[in-house]
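1. sequence and predicted model, in that order:
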Amino acid sequence: MWLPDRASSKPVYRQIAEHFERRIKSGELTAGSPLPAERKLAAELAVNRTTVIQAYEELRASGWVVSKVGSGTVVAGGDASPLRTADWRKYLDVGTMLPNSDAMRRIRSGLRREAGLVDFASGELSEDLFPGETVRSIFSEQPYDGPLGYDDPQGYGPFREALAAFLLRQLRIGTSASSLLITSGSQQSLFLIMQCLLSQGDAVGVETPSYCFSLPLLQSAGLRVYPLQVGPAGIDPEDVVRLHRRHRLKMLFLNPNFQNPTGTVLSAERRAALLRIAEKEGIPIVEDDPFSLTAFDGRPPLPLKAEDAGGRILYVGSLSKVAASGLRVGWLAGPQEIVSRLADARQQMDFGMSVIPQWLAAKLIEGEAFDRQIGRLRAGLALRLDELRASLDYHLSGSVSFEPPGGGLNLWVKWLGDNDPRQLRMLERAMSVGVAYVPGQVFGAEEPSLRLCYAKPEAGQIERGVIRLKEALLRS
């Protein structure tokens with residue numbers, strides 16, 4: 001991030017003005033691009049707001065920017081600008097890929113720029129839960145000496161072999177290396193499925209609330225999305241029957257184990273009924289399973305894929321929630337012809353992912369050290385959840401209700417207070433006092449609710465975050 005040089009003889013306001021002038025001249029900021037609000041920029045640069053006002057006035061006087069009511073300060077365009085800047089703004093609202101929601105963009109912007117936030121929003125592990133020591137020992141003891149060219153777009157062969165053994169050992173999923181596609185995380189698997197196996201206008205069933213609703217992928221693909229309400233025992237299979245009779249569902253997108261965001265596990269009875277319905281009606285299931293291995297009691301609930309007798313389930317997983325999100329290693333298990341189709345599309349996109357993280361992932365999951373890592377992760381997550389529960393009970397008693405999950409990274413909190421945490425202004429208020437969360441409507445929830453990830457805050461931060469949450473959400 002750029003900061004003014006305090007040791008320079010040039011006034012700070014002038015440095016700020018020249019900084020934005022360079023960005024406009026280089027084409028980084030084009031006609032109509034907004035400049036940061038004065039108060040926000042002052043906070044980011046740790047300067048007085050008056051200094052930012054002076055800088056913007058200088059830019060206006062030089063014709064680089066203009067002020068618009070309701071829009072703030074924006075880059076000048078057309079005859080008003082000393083430079084004929086390209087008008088990229090007209091391209092922003094077209095294309096097939098929809099932008100993220102306002103809430104998600106605000107959260108990500110805040111987490112990047114605002115220091116000191118207690119992060120209940122990011123669905124990832126804190127640094128102390130990563131297997132850092134194991135990774136360092138792998139690199140030091142077994143340095144990579146393999147090829148550095150393009151690899152098989154289906155994935156690095158030794159990793160697929162190791163992964164097939166790992167899935168069988170840990171989750172009783174019987175698959176082979178030839179039925180696995182390695183992807184750069186679960187979202188790429190979902191993207192490939194939607195782009196290659198579904199057509200615009202197809203009807204799909206999706207849990208609600210659901211992580212899928214936080215991604216614009218379904219809408220970008222032009223699919224007709226029908227909600228399946230998640231209850232304490234997961235979705236009701238009879239809802240699948242009703243939706244299929246009415247809309248002829250082409251596919252189901254489910255997260256049966258420690259569901260994101262609710263933390264529920266699909267009951268054994270409903271699991272069996274769902275599999276019977278899927279077989280009878282011929283409905284494929286995409287099973288997203290990031291959390292099964294995090295079961296606090298050490299007994300992961302079996303994925304649906306472990307009971308898949310007819311190859312009807314596409315199983316999506318990754319190392320993001322049990323090792324490190326930065327590895328960007330995920331996978332899809334399914335029928336070989338489907339895997340081949342998706343691998344072909346993957347090859348068109350990027351010629352396959354880098355072999356080095358796949359090599360590292362293979363070494364990681366082969367060793368006993370990773371089994372110990374999973375045990376340590378479960379214990380660490382359980383302790384963090386206990387701290388979050390105790391803090392909510394103490395500081396927000398009467399304002400929240402929740403059902404503690406048996407695994408996963410998230411606590412789904414129903415809000416009983418007057419202020420609705422789903423409103424963007426409430427999220428803004430929370431971030432202004434130093435805490436971030438994800439509002440329930442991002443996941444398609446219709447009731448006042450929020451998701452709190454207890455895996456990202458480090459020790460000692462959780463209660464501080466709850467206190468800040470109380471300050472933001474109970475303030476009238």
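-> That came in fine, so what should we check first? Because the structure is predicted, anything quoted here is derived from the model rather than measured. Numbering: from 1, shown residues only.
2. only C-alpha atoms for contact and neighbour calcs from this point on.
-> Noted.
3. number of residues surrounding the residue nearest to Ile462 when sequence neighbours are not counted?
-> The shortest distance from Ile462 to any non-neighbouring residue, by CA to CA, 6 or more residues apart in numbering, is to Leu388 (6.1 Å). For Leu388, the neighbour count with other CA atoms under 10 Å is 22.
4. now do the contacts for Leu41.
-> Val52 (CA atoms under 8 Å, 6 or more residues apart in numbering).
5. helix, strand, or coil at the residue nearest to Ile462?
-> Secondary structure assignment for Leu388 (DSSP: H, G, I helix; E, B strand; the rest coil): helix.
6. residue contacts, it?
-> Here Leu388 is in contact with 454, 462-463, 466 (CA under 8 Å, 6+ apart).
7. can you tell me how far Gly311 sits from Ser267?
-> In this view, Gly311 and Ser267 are 21 Å apart by CA to CA, to the nearest Å.
8. tell me if Val52 really is in a helix.
-> Yes. Looking at Val52 with three-state DSSP, it is inside a helix.
9. ok, now how distant is it from Lys40?
-> Val52 sits 10 Å away from Lys40, going by CA to CA.
10. kindly report the same for Ser186.
-> Distance, Ser186 to Lys40, by CA to CA: 34 Å.
11. of the two, who's got more company?
-> Shown here are Ser186 and Lys40; by other CA under 10 Å, Ser186 has more neighbours (23 against 13).
12. surely that one and Val316 touch.
-> Yes. Under the criterion of CA atoms under 8 Å, Ser186 makes contact with Val316 at 6.2 Å.
13. what is in contact with these two at once?
-> Joint contacts of Ser186 and Val316 (CA under 8 Å, 6+ apart) are 288, 330-331.
14. which of those residues ranks first by neighbour count?
-> Compared across the shared contacts of Ser186 and Val316, Asp288 has the highest neighbour count, 27 neighbours, by other CA under 10 Å.
15. just to revisit the earlier point, next, format the shared contacts of Ser186 and Val316 as JSON lines and append distance to Asn257.
-> Below are these laid out as JSON lines (distance: CA to CA, whole Å):
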{"residue": "Asp288", "distance to Asn257": "9"}
{"residue": "Gly330", "distance to Asn257": "17"}
{"residue": "Trp331", "distance to Asn257": "17"}
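16. between the residues you listed, which is nearest Pro99?
-> Taking CA to CA as the measure, Pro99 lies nearest Asp288 of the shared contacts of Ser186 and Val316, at 22.2 Å.
17. show me what the closest one is bridged to.
-> For Asp288, the beta-bridge partners are Val316 (DSSP bridges).
18. run a quick neighbour tally on Val94.
-> For Val94, the count of nearby residues is 8 (other CA under 10 Å).
19. doesn't it belong to a helix?
-> No. Using three-state DSSP, the secondary structure at Val94 is coil, not a helix.
20. CA atoms of the biggest strand by length in the chain as PDB?
-> Taking DSSP state E as the criterion, the chain has its longest strand at strand 224-231. Extracted in PDB, the C-alpha atoms of strand 224-231 (Å, rounded to 0.1, in the frame of the first residue of the first chain):
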ATOM      1  CA  ARG A 224     -32.800 -21.500 -12.000                       C
ATOM      2  CA  VAL A 225     -32.100 -22.000  -8.300                       C
ATOM      3  CA  TYR A 226     -34.600 -23.500  -5.900                       C
ATOM      4  CA  PRO A 227     -34.000 -23.500  -2.200                       C
ATOM      5  CA  LEU A 228     -34.000 -26.500   0.100                       C
ATOM      6  CA  GLN A 229     -34.500 -25.400   3.700                       C
ATOM      7  CA  VAL A 230     -31.900 -26.600   6.100                       C
ATOM      8  CA  GLY A 231     -33.300 -27.700   9.500                       C
END
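21. tell me which residues of that strand are tucked away?
-> The neighbour-count check on strand 224-231 (16 or more other CA atoms under 10 Å) flags 225-228, 230 as buried.
22. list the contacts of that strand.
-> Strand 224-231 has contacts (CA under 8 Å, 6+ apart) with 201-209, 218-219, 235-236, 239-240, 243, 264.
23. from these, which ones fall inside helices?
-> Assigned to helices by DSSP state H, the following of these qualify: 218-219, 239-240, 243.
24. tell me which two in those residues are the farthest apart.
-> The largest separation in the ones in helices among the contacts of strand 224-231, counting by CA to CA, is between Gln219 and Asp239 at 21.6 Å.
25. can you tell me which residues contact the nearest residue to Glu463 once chain neighbours are set aside?
-> Leaving aside its sequence neighbours, Glu463 sits nearest to Ser391 (CA to CA, 6+ apart; 5.4 Å). By CA under 8 Å, 6+ apart, the residues touching Ser391 are 462-463, 466.
26. same deal with Leu469?
-> Counting by CA under 8 Å, 6+ apart, Leu469 has contacts 430, 435.
27. what pLDDT is listed against it?
-> On pLDDT, Leu469 comes in at 95.
28. what helix or strand is it located in?
-> For Leu469, the host element (DSSP states H and E) is helix 461-473.
29. quick one: buried residues of that helix?
-> Here helix 461-473 shows 461-463, 465-470, 472-473 as buried, counting by 16+ other CA under 10 Å.
30. and that helix, how far from the chain's centre?
-> 22 Å (CA atoms, centre = their mean, to the nearest Å).
31. any idea how far Leu223 is from Gln200?
-> 5 Å.
32. okay, the two: which has more neighbours?
-> Higher neighbour count among Gln200 and Leu223: Leu223, with 18 against 14, using other CA under 10 Å.
33. give the contact list for the more buried one.
-> By CA under 8 Å, 6+ apart, the contact set of Leu223 is 199-204.
34. again, 7 Å this time
-> Going by CA atoms under 7 Å, 6 or more residues apart in numbering, Leu223 touches 200-203.
35. now do Leu319
-> Leu319 sits in contact with 325, 329-330, where contact means CA under 7 Å, 6+ apart.
36. residue nearest the centroid of this structure?
-> Centroid-nearest residue in the chain: Gly123, 6.2 Å away (criterion: CA atoms, centre = their mean).
37. how far away is it from Ala436?
-> According to CA to CA, Gly123 and Ala436 sit 12 Å apart.
38. likewise Gln259?
-> From Gln259 to Ala436 the distance is 21 Å (CA to CA).
39. do the same with Phe120
-> 6 Å.
40. and the two? Which one has more around it.
-> Taking other CA under 10 Å, Phe120 and Ala436 do not tie; Ala436 has more neighbours (28 against 25).
41. thanks a lot, catch you later.
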